[in-house]
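In: Sequence and predicted structure, then a few things I'm wondering about:
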Amino acid sequence: EVQLVESGGGLVQAGGSLRLSCAASGFTFDDYAIGWFRQAPGKEREGVSCLSSNDASYADSVKDRFTISSDNARNTVYLQMNSLEPEDTAVYYCAARPLPILPSLWVRMPELSSDWGQGTQVTVSS
């Protein structure tokens, strides 16, 4: 059974930083791509960043501010978020999808995800 557990969310002031973690289990980590998505109140879920076989893609709104990375030894994917803005406030979800998948496609189409974590709240105050 695929399990994805997010952590690292919280309340931060604008301009601050957070690092989210997604701990994966129940599948062969190297056979999957991992992505981060978010959903703000009243809005649809949107892609933030996806990582597939060391190829990363980002939403335009987070480019140059967010960085996705992977620690394969720990089966964990991270999302480093810098220069946070109030518009980044949302529940952040980790998702998994079997390879192959183009991250540039997946980040635009959350519906391509196969499995989801429970989410972690990120709140950025102005």
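Out: Great, that's in hand.

In: Can you tell me the centre-most residue of the protein?
Out: When CA atoms, centre = their mean is applied to the chain, the residue found nearest the centroid is Trp36 (1.7 Å).

In: mind exporting whichever helix or strand Ala23 is part of as PDB, just the C-alpha atoms?
Out: Assessed by DSSP states H and E, Ala23 sits inside strand 18-25. Below are the C-alpha coordinates for strand 18-25, written out as PDB (Å, rounded to 0.1, in the frame of the first residue of the first chain):
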ATOM      1  CA  LEU A  18       9.800  26.400   5.300                       C
ATOM      2  CA  ARG A  19      10.900  23.000   4.200                       C
ATOM      3  CA  LEU A  20       8.200  20.400   3.600                       C
ATOM      4  CA  SER A  21       9.000  16.600   3.700                       C
ATOM      5  CA  CYS A  22       7.200  13.800   2.100                       C
ATOM      6  CA  ALA A  23       8.100  10.300   3.500                       C
ATOM      7  CA  ALA A  24       7.100   7.600   1.100                       C
ATOM      8  CA  SER A  25       6.600   3.900   1.800                       C
END
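
In: May I have the strands that pair with that strand, each with its orientation?
Out: Strand 18-25 pairs in its sheet with strand 3-7 (antiparallel), strand 76-81 (antiparallel), by DSSP bridges.
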